[in-house]
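**Student:** I would like the atomic coordinates for the input below:
(4 chains)
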Protein chains: 2
Amino acid sequence: MTAHVGERLLTPGEVAALFRVDPKTVTRWATAGRIGSIRTPGGHRRFRESEVKTLLAELTTEANGPA
Amino acid sequence: MTAHVGERLLTPGEVAALFRVDPKTVTRWATAGRIGSIRTPGGHRRFRESEVKTLLAELTTEANGPA
DNA sequence: CATTATTAGGGTAATTCGGGTA
DNA sequence: ATTGTCCGAATTACCCTAATAA
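**Tutor:** Residues are numbered from 1 along each chain as shown, chains lettered A, B, ... in the order given. You can find the predicted model right below:
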């Protein structure tokens, strides 16, 4: 499965708020390929909500620590 | 690769929702020539669904996947 | 013909980009 | 190596009223 049209997208600021980081940091994650991003024709990034939630869930797993 | 007659057309609002931007932003893309547009006799813009989907796919970066 | 939602158009804040630095 | 901040420039978001679409 590749690009899903109709997926809910989040702005850099929204993702930054979820992770409690600076929007610039989210941009770096995208540049480093740690998170997928969609570019508007103007060059601004949008992020898939489902992927962001997955990443957040992984943080929770990290905090609890696997067995 | 000619214009296909009978191509499904999208409104500025629909395109805006796909990119998670304001409808006015889509209008600016059309004015700047970043996306093709068709004008209704009344002056409202319509966009080709195939072009929009192609644009979304091309501007999409998949960072997740098997190592 | 009347109604409701969307779009056009202009103008002004807010956000994001990109590079460089701490 | 990762994050936060400063800067200028570009892109985007929200304000309004009038016109178009359905």
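**Student:** buried residues in the helix or strand containing A:A17?
**Tutor:** A:A17 belongs to helix A:12-19 when assigned by DSSP states H and E. By neighbour count with 16 or more other C-beta atoms under 10 Å in any protein chain shown, helix A:12-19 contains the buried residues A:P12, A:E14, A:V15, A:A16, A:L18. Where you see a C-beta, it was placed from the backbone N, CA and C, and this is true even at glycine.
**Student:** That helix - contacts with which helices or strands?
**Tutor:** helix A:23-31, strand A:45-48, helix A:49-64 (3 or more C-beta pairs under 8 Å, 6 or more residues apart in numbering or on different chains; DSSP states H and E).
**Student:** Do any residues in it lie close to DNA strand C?
**Tutor:** Yes: under the criterion of C-beta under 7 Å from any atom of the strand, DNA strand C is reached by helix A:12-19 at A:P12, A:G13, A:E14, A:A16.
**Student:** Same list (these) but as CSV, adding distance to A:S50 and pLDDT.
**Tutor:** Compiled in CSV, these are given as follows (distance: C-beta to C-beta, whole Å; pLDDT from 0 to 100):
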residue, distance to A:S50, pLDDT
A:P12, 17, 98
A:G13, 18, 98
A:E14, 14, 98
A:A16, 18, 98
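**Student:** which of those residues lies closest to chain B?
**Tutor:** A:E14 (9.5 Å; C-beta to the nearest C-beta).
**Student:** where's A:A57 relative to B:E49, distance?
**Tutor:** Separation of A:A57 from B:E49 (C-beta to C-beta, to the nearest Å) stands at 33 Å.
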